[in-house]
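1. Just to be clear, the model below is a prediction. Sequence and coordinates:
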Amino acid sequence: MKIECPFCGSSDISSDEQEKRLALPLHKPVPYKITVHRCNNCEEVGDFTGENDRIIAKVKEAVTKDSVLQLLHELSERGIKMTIIERSLGLPPKTINRWKTGESSAAAIALLRIVRTLPWVLEVAAEKYRPEIIREKIFEAAARVLKGEADKHYTGCKIETLQTDKSHVIQVELHVKEPMPETSYIKHGATAYAYR
Ligand SMILES: [Zn+2]
């Protein structure tokens, strides 16, 4: 294809390939290439053929499709099957199967990202978004995060969430891996109740 400068009409054009990366949330960046043209007559730089927009749209479509499959795979590995998602969220049966075969939407992938990040929203949805269930799940999630952090510095941590009508308590039992200076003990113990 003969390329002409859209500004001066010259066909003295140099082409340069550029590496780009498409980074969708919760998906590894995918490299792709675009071509940048340069007019040697008027020095205008740009995409003179309009091909790059088509390339970007194509890459985005393919990566989105792949991302839907990957998110569903990750959820399935955590024991969250498609039927559980559909039932909890009140989606018609086979909805997710349609997403899987390419009939997804921006809303579908946004929903999958939320469920993948905060899987307990499914339990909240299944319980009709009752406020006490929301509170309970948030506290349990916070306890898991806290335990994850504690495990980095301590050994055999235990964690309990105690809930009554009036209060929620997250109790973490920490066991020091090795003697630590007093200052670091205070630093790591600051976010939890610590018992030696
Ligand atoms: Zn030109």
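-> Okay, I see it.
2. What ranges does the protein have for its helices?
-> Taking DSSP state H, the helices of the chain run over residues 51-77, 82-89, 95-100, 106-117, 121-126, 131-153, 182-189.
3. Out of these, which is closest to Ala23?
-> helix 51-77 (9.2 Å; Cβ to Cβ). Any C-beta I mention is one placed from the backbone N, CA and C, and that applies to glycine too.
4. name the helices or strands packed onto that closest one?
-> Here helix 51-77 touches strand 13-22, strand 30-39, helix 82-89, helix 95-100, helix 106-117, going by 3 or more Cβ pairs under 8 Å, 6 or more residues apart in numbering; DSSP states H and E.
5. what do you get if the cut-off is 6 Å, keeping everything else the same?
-> Under the contact definition 3 or more Cβ pairs under 6 Å, 6 or more residues apart in numbering; DSSP states H and E, helix 51-77 sits against strand 30-39, helix 106-117.
6. Contact partners for Glu17?
-> Lys33, Thr35 (Cβ atoms under 6 Å, 6 or more residues apart in numbering).
7. what's across from it in the sheet?
-> Thr35 (DSSP bridges).
8. Might you enumerate the residues of the protein proximal to the ion?
-> Cys5, Phe7, Cys8, Ser10, Cys39, Asn41, Cys42, Glu44 (Cβ under 5 Å from the ion).
9. how about JSON lines for those residues, with pLDDT and neighbour count added?
-> Shown next, in JSON lines, are these (pLDDT from 0 to 100; neighbours: other Cβ atoms under 10 Å):
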{"residue": "Cys5", "pLDDT": "97", "neighbour count": "20"}
{"residue": "Phe7", "pLDDT": "96", "neighbour count": "13"}
{"residue": "Cys8", "pLDDT": "97", "neighbour count": "12"}
{"residue": "Ser10", "pLDDT": "97", "neighbour count": "14"}
{"residue": "Cys39", "pLDDT": "98", "neighbour count": "22"}
{"residue": "Asn41", "pLDDT": "97", "neighbour count": "13"}
{"residue": "Cys42", "pLDDT": "97", "neighbour count": "13"}
{"residue": "Glu44", "pLDDT": "97", "neighbour count": "16"}
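10. quick one: buried residues of stretch 144-163?
-> Within stretch 144-163, the residues scored as buried using 16 or more other Cβ atoms under 10 Å are Leu146, Lys147, Ala150, His153, Tyr154, Cys157, Ile159, Thr161.
11. and what of stretch 46-62?
-> Those would be Phe48, Thr49, Asn52, Val59, for stretch 46-62 by 16+ other Cβ under 10 Å.
12. what's the average pLDDT for that stretch?
-> Stretch 46-62 shows a mean pLDDT of 95.
13. what about the residue positioned nearest the centre of the chain, distance to Glu86?
-> Central residue of the chain (Cα atoms, centre = their mean): Leu26, 3.1 Å from the mean position. Using Cβ to Cβ, to the nearest Å, we find Leu26 at a distance of 20 Å from Glu86.
14. Ok, Val172 next?
-> 36 Å.
15. so what's Pro25 closest to, chain neighbours aside?
-> Arg113 (5.8 Å; Cβ to Cβ, 6 or more residues apart in numbering).
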